[in-house]
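1. Sequence plus the predicted model coming up.
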Amino acid sequence: MHTAMKHTVRLFAFFLFSIMLFVACKGQGASERVGTADPANPFEGVLSMKTVIPGTGATTTKIIVGEGGIRTESTASLAGLSGRVPVTVLFQASEPGRIYVLNDAARTYTFFDAPEPQADDAVDPVAGAGVERLGEEVVNGYPATHVRIAGNGSGESVELWLNGDLLDSVAWTRMQAANREAALLVARKLRSAGLEGFPVRILHHPSGVVTDLVGLERMRPDPALFRLPAHYRKADLRGIEAQRLSPEAIEGIRKAAEQLQRRLEAR
């Protein structure tokens, strides 16, 4: 893969993890009642998330939730990169476990099947970590339980502010495509401590990267948003080549990714 695209994929994966963690913390299935949200009125609408990366900039991601699935769209204001991120992610309710990645600039798409989480603690990023309840707070206008996951010897920790009232378990069943790997393991760690809810804030230490829920709007999205555009053609990851994006966009993404990587590696 082209070097610039390797950096692009690394940066994209960083943003995608935050999205997965937001949805994975909600629960496990339609038979499970979580929080006080009304399962007879499942959430449909738009969640807006803002991620701030110290010294680098910020991204804003819209998570559009509907009966047909989930769609994410992002904009960025990073060092060397501003404007619409030319990647859209689709989780279709009809294909649980499959993630579609749309290259909007090239009008192509690819997909991959998210692997099942491993049971081996050796691949569990929170194995051995403890969960500490820090109290009740109001964050971004939402009452939330403040918790910290830390203590596995990595020198890293994550704080989460969990609200149990925002989304219901029916909405969660539409999010199963994202219920994988590290995000799911974090959610399991919380549940083992008797904690559930939707994180209205996530703060990572020592990087200082923070993701906030900054907006929530109930609405019924256009079903077409969760379908592959008819004029997009299928391509594999190797087909998403640098020349299909403008040179300016590739250079901006490359610089932003390199700066982010240097900052995270230096901490």
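-> Nice, thanks for sending it over.
2. what about the helices in this structure?
-> 3-24, 169-173, 181-192, 247-266 (DSSP state H).
3. my guess is Gly66 meets Glu44, correct?
-> Yes - counting by Cβ atoms under 8 Å, Glu44 is a contact partner of Gly66 at 5.2 Å. Every residue, glycine included, has its C-beta placed from N, CA and C.
4. joint contacts of these two?
-> Arg220, Pro221 (Cβ atoms under 8 Å, 6 or more residues apart in numbering).
5. pLDDT weak spots in the stretch 101-250 of the chain?
-> 114-128, 152-154, 167-185, 236-250 (pLDDT under 70).
6. what do you get if the cut-off is 50, keeping everything else the same?
-> Counting by pLDDT under 50, the stretch 101-250 of the chain has low-confidence residues at 121-122, 168-180, 239-245, 250.
7. re earlier: between Gly66 and Glu44, which has more neighbouring residues?
-> Gly66 (22 against 17; other Cβ atoms under 10 Å).
8. who's in contact with that one?
-> Contacts of Gly66 (Cβ under 8 Å, 6+ apart): Glu44, Arg174, Arg220, Pro221, Pro223, Leu225, Phe226.
9. quick one: which of the residues you listed has the most company?
-> In those, the most neighbours by other Cβ under 10 Å go to Arg174, 25 neighbours.
10. picking up where we left off before, which of the contacts of Gly66 sits closest to Pro206?
-> Minimum distance to Pro206 across these is 34.5 Å, recorded for Arg174 (Cβ to Cβ).
11. Among the contacts of Gly66, which one sits closest to Leu160?
-> Of the contacts of Gly66, the one sitting nearest to Leu160 (Cβ to Cβ) turns out to be Arg174, at 21.7 Å.
12. Run through the strands of the protein in chain order.
-> Applying DSSP state E to the chain gives strands spanning 45-53, 57-66, 69-78, 81-92, 98-103, 108-113, 130-139, 142-150, 157-163, 198-205, 210-218, 233-234.
13. a markdown table for those strands, including distance to Ser192?
-> Converted to a markdown table, the strands of the chain look like this (distance: least, Cβ to Cβ, whole Å):
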| stretch | distance to Ser192 |
| --- | --- |
| strand 45-53 | 25 |
| strand 57-66 | 26 |
| strand 69-78 | 26 |
| strand 81-92 | 25 |
| strand 98-103 | 26 |
| strand 108-113 | 27 |
| strand 130-139 | 8 |
| strand 142-150 | 11 |
| strand 157-163 | 14 |
| strand 198-205 | 16 |
| strand 210-218 | 23 |
| strand 233-234 | 40 |
